[in-house]
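1. Here's a sequence, model it:
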Amino acid sequence: MSTWLAELRHALDASPHAVTFFFRTDDAGWSDDRLLELLDLFARYSLPIDIAAIPAALTFSMAAELRSRIEAEPDRVAIHQHGFSHQNHESEGRKCEFGDARAAALQQSDIESGKKRLFDLFGPRVSPAFTPPWNRCTAVTGECLRRAGFRILSRDATARPLNLYGLYELPITIDWFARRKGVRLSLNELGATLAANVRTSAPVGIMFHHALMDADEQRRAGELLALLASHQNAQCYLMERIITELSQDITAQVRGHAASWRPFVTPSLAQSERK
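-> Numbers count the residues shown, from 1 in each chain. Next up, the predicted model:
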């Protein structure tokens, strides 16, 4: 076993219950070859991965390739909407496609246009999830997503929950390319961060950007996948399955006036259901 994963393995060994993981790769529509390499890596370990696709960037040929993979393994490959064109609309501050600079009508139009394009390319197999580019959006965006029929919003764990009824939030907790004070985390630091997340009660969401993943990055990612695929306390699911189980469990517990949630239910999910 790679030494950088030792702390993660120990955390999994010590966990009193199975730990839920999910994986998301952003920016499908860019760097098609590297996306396919990453999908092949996940297939090698029979692990699931969610693809956040930029509707305006996907070509028909790439969509056909992804559709065939989804149809072949619907429990291991899923696709959902990643904004519309991944374009920054903010004149100052941090980059954002769905930020304060955009009126609700413009956000709604882009969301609906992107949804239609993905449906035209993939049909009903598109997951009802939305990942905003740069993992940023506003409360206005959340309302637009509800009107458009989305059930899942996935951003970074540091984003303030929107707490909108019916829009479940499933945040990313680990960025594979995370930086601290401008410097990328070392492998040992990444392993320690993964271990710390295992010790919480929330699903551990790991985000890749396949466009940045050369052969060395693929090898390191493969080391992580090998551990999770073989460990009895690691359970890896697609995002939609996690949210479906969470929403069903929350509903049942609300109806039964339960005093506590299941171990991996996050407070933001519980609060959003109560609103």
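2. In the stretch 1-150 of the chain, where is pLDDT below threshold?
-> Within the stretch 1-150 of the chain, the ranges that satisfy pLDDT under 70 run 1.
3. Please enumerate the helices of it.
-> For the stretch 1-150 of the chain, the helices defined by DSSP state H, counting those that start in this stretch occupy 6-14, 32-44, 60-72, 104-122, 139-147.
4. residues in contact with the fourth one?
-> The contact list for helix 104-122, computed with CB atoms under 8 Å, 6 or more residues apart in numbering, reads 53, 55-56, 58, 60, 63, 66-67, 70, 79-81, 83-85, 97-98, 126, 130, 140-141, 143-145, 147-150. C-beta: built from backbone N, CA, C; applies to glycine.
5. Ok, stretch 60-73 next?
-> Contacts for stretch 60-73 (CB under 8 Å, 6+ apart): 28-29, 32, 35-36, 39, 43, 51, 53, 77-79, 121-122, 125.
6. Show me which residues of that stretch are buried.
-> Neighbour counts using 16 or more other CB atoms under 10 Å place Met62, Ala63, Leu66, Arg67, Arg69, Ile70 of stretch 60-73 among the buried residues.
7. again, but for stretch 217-234
-> Buried residues in stretch 217-234 (16+ other CB under 10 Å): 217-218, 220-222, 224-228, 231, 233-234.
8. List the ones among those that fall in strands.
-> Per DSSP state E, strands hold the following members of these: Ala234.
9. which one of the buried residues of stretch 217-234 sits closest to Ser15?
-> Closest approach between those and Ser15, by CB to CB: Asn233, at 4.9 Å.
10. before we move on, back to that, now the buried residues of stretch 60-73 as CSV including distance to Ala103?
-> Converted to CSV, the buried residues of stretch 60-73 look like this (distance: CB to CB, whole Å):
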residue, distance to Ala103
Met62, 32
Ala63, 30
Leu66, 32
Arg67, 34
Arg69, 37
Ile70, 34
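11. Phe23 reaches Ile206, doesn't it?
-> Yes - using CB atoms under 8 Å, Phe23 is in contact with Ile206, at 5.1 Å.
12. With neighbour numbers in mind, choose between those two.
-> Phe23 (27 against 23; other CB atoms under 10 Å).
13. Quick check: the nearest residue to Trp4 once chain neighbours are set aside vs Ala28, distance?
-> Leaving aside its sequence neighbours, Trp4 sits nearest to Leu187 (CB to CB, 6 or more residues apart in numbering; 3.8 Å). Applying CB to CB, to the nearest Å, one obtains 26 Å for the distance of Leu187 from Ala28.
14. Those two: which is more packed in?
-> Ala28 (24 against 15).
15. Okay, and the beta partners of the more buried one?
-> When bridges are called by DSSP bridges, Ala28 pairs up with Ala53.
16. go on, Gly205?
-> Beta bridges link Gly205 to Phe22 when assigned by DSSP bridges.
17. show me what contacts it?
-> Phe21, Phe22, Phe23, Arg24, Ser154, Ala157, Leu170, Pro171, Ile172, Thr173, Ile174.
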